[in-house]
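*Asks:* model the following, please.
(2 chains)
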Number of protein chains: 2
Amino acid sequence: MVSRTGNGGTADDGSTRRRLMDAAIELFRNHSVAATSLQMISDELGFTKSAIYHHFRTRDELLGAIIEPIIDRVAALTEDAATHRTPRARADRMLAGYARLAVANRHLFPVFSGDPAVVDFLRGRPEWAAVVQRQFDLLAGADPGPGGQVRAAIVMAGVAGAVGLSFDGLDDDALLEELIADGRRTLGLRAARPRT
Amino acid sequence: MVSRTGNGGTADDGSTRRRLMDAAIELFRNHSVAATSLQMISDELGFTKSAIYHHFRTRDELLGAIIEPIIDRVAALTEDAATHRTPRARADRMLAGYARLAVANRHLFPVFSGDPAVVDFLRGRPEWAAVVQRQFDLLAGADPGPGGQVRAAIVMAGVAGAVGLSFDGLDDDALLEELIADGRRTLGLRAARPRT
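*Replies:* Residues are numbered from 1 along each chain as shown, chains lettered A, B, ... in the order given. Below you'll find the model as predicted:
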């Protein structure tokens, strides 16, 4: 058992880092990234500013720590999708992976999709922006040409926005199944075989 | 012909008001609403702060002036859609109106969809939030139950996000046609008859 002191944040442990990131995500979500300062994040947790500086020296460093594991996961998903033989199979695989990742990160994906600071941040990290672009290209590849690009944009923004809402009587598994079925129709892919 | 003075913003005319709103939309889009101050908007246009106060005393007043005509239009679209006989026809009509409005406001819709300050603002204006809810319900009505709600959420966030991007070789008319066709598939509505 780990005991926690009331003035948390001074111990250099993973849980403090995680708490800071979770508090940041909530503030990003409620106020936008640009309107959230490290001071606000410290205040939220009752930390001193020096406690947060021990983990993150700038808001961008914190934002990067939040985005990085998602980008790593998307990169792995694009590599997996790329192994499939046809553009439609690749799009289908990419869709399933993206939807699963979005449902596993329901608080985070609306921020990723809608916050201009995330777009700015990715501009400064071309290798991360390239991962997002690869994902987009795989989804759009189901239908070469601008139509496929519009469909990919709808799916990426639509799934990211939808997971931020709650739907009566729909748990995460049912939501995921619905998102994949809807995304397939949007992209013009064959519908999944119904589960039996 | 109207001649404009170099120190704009002191004349109480519609064009100054419009310029302030347009500058605000660009800043909202690039920095989020919460991170944009009236001062930043004045600076952007080289206005004095008193010039902007002549038109808008708070950022929320300015945000309201930007949102109001869109809400009015959505309200009219929901009333028109509601006259149709079946839930699917109503969803179809709502989709076409929403997509047209989004394409006519390509800089604005990504802000509406993604910015937490807009959600907050609507919380303070229940009659406006009710209009957005009616739009959602009309789109979701194509398929009663949580599945239809997920589809409506994908369409609303997806279309709003997509119009913020540019697509090679797709003008506004072609984009609109594509969005309507894609939205119909997402919602599970019958595809439109191809144009001949």
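
*Asks:* which residue does chain A bring closest to chain B?
*Replies:* Per Cβ to the nearest Cβ, A:G114 is where chain A lies closest to chain B, at 2.0 Å. Heads up, the C-betas are built off the backbone N, CA and C, glycines and all.

*Asks:* got the phi and psi for the nearest residue to that residue once chain neighbours are set aside?
*Replies:* Spatial nearest neighbour of A:G114, chain neighbours left out: B:G114 (2.0 Å); criterion: Cβ to Cβ, 6 or more residues apart in numbering or on different chains. Backbone torsions for B:G114, taken as degrees, to the nearest 10, come to phi -100, psi -10.

*Asks:* give the contact list for B:G114.
*Replies:* Counting by Cβ atoms under 8 Å, 6 or more residues apart in numbering or on different chains, B:G114 makes contact with A:P110, A:S113, A:G114, A:D115, A:G161, B:A160, B:G161.

*Asks:* one more pass at 7 Å, please.
*Replies:* By Cβ atoms under 7 Å, 6 or more residues apart in numbering or on different chains, B:G114 lies in contact with A:S113, A:G114, A:D115.

*Asks:* closest to A:T48 out of the residues you listed?
*Replies:* Proximity of those to A:T48, judged by Cβ to Cβ, is greatest for A:D115, which lies at 27.0 Å.

*Asks:* quick check: the closest one vs A:F28, distance?
*Replies:* According to Cβ to Cβ, to the nearest Å, A:D115 and A:F28 sit 7 Å apart.

*Asks:* for the lowest-mean-pLDDT helix or strand in chain A, buried residues please.
*Replies:* When the helices and strands of chain A are scored by mean pLDDT, DSSP states H and E, helix A:109-114 comes last with a mean of 86. Neighbour-count burial for helix A:109-114, counted by 16 or more other Cβ atoms under 10 Å in any protein chain shown, picks out A:F109, A:P110, A:V111, A:F112, A:S113, A:G114.

*Asks:* residues of the longest helix along chain A that come out buried?
*Replies:* When chain A is parsed with DSSP state H, its longest helix is helix A:59-82. Residues of helix A:59-82 classed as buried: A:59, A:62-67, A:70-71, A:73-75, A:77-78, A:81 (neighbour count, 16+ other Cβ under 10 Å).

*Asks:* what about it, distance to the chain center?
*Replies:* 8 Å (Cα atoms, centre = their mean, to the nearest Å).

*Asks:* alpha carbons only: can I get it in CSV?
*Replies:* What follows is helix A:59-82, C-alpha atoms only, in CSV (Å, rounded to 0.1, in the frame of the first residue of the first chain):
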residue,chain,number,x,y,z
ARG,A,59,2.3,23.4,-20.7
ASP,A,60,3.5,22.1,-24.0
GLU,A,61,5.7,19.5,-22.3
LEU,A,62,2.6,18.4,-20.4
LEU,A,63,0.5,18.4,-23.5
GLY,A,64,3.2,16.3,-25.3
ALA,A,65,3.2,13.8,-22.5
ILE,A,66,-0.6,13.4,-22.9
ILE,A,67,-0.5,13.2,-26.7
GLU,A,68,2.6,10.9,-27.0
PRO,A,69,1.1,7.6,-26.0
ILE,A,70,-1.9,8.2,-28.3
ILE,A,71,0.4,9.0,-31.2
ASP,A,72,2.5,5.8,-30.4
ARG,A,73,-0.7,3.8,-30.5
VAL,A,74,-2.0,5.4,-33.7
ALA,A,75,1.5,4.7,-35.3
ALA,A,76,1.2,1.0,-34.3
LEU,A,77,-2.4,0.9,-35.7
THR,A,78,-1.3,2.4,-39.1
GLU,A,79,1.5,-0.1,-39.3
ASP,A,80,-0.9,-2.9,-38.7
ALA,A,81,-3.5,-1.6,-41.1
ALA,A,82,-0.9,-1.1,-43.8
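
*Asks:* what's the following helix or strand after that helix?
*Replies:* On the C-terminal side of helix A:59-82, the closest following helix or strand by DSSP states H and E is helix A:87-104.

*Asks:* what sits up against that next one?
*Replies:* Outside helix A:87-104, the residues that touch it by Cβ under 7 Å, 6+ apart are A:70, A:73-74, A:77-78, A:80-82, A:84, A:109, A:135, A:138-139, A:141-142, A:155, A:159-160, A:163, A:172, A:175-176, A:179-180, A:183-184, A:187, A:189.
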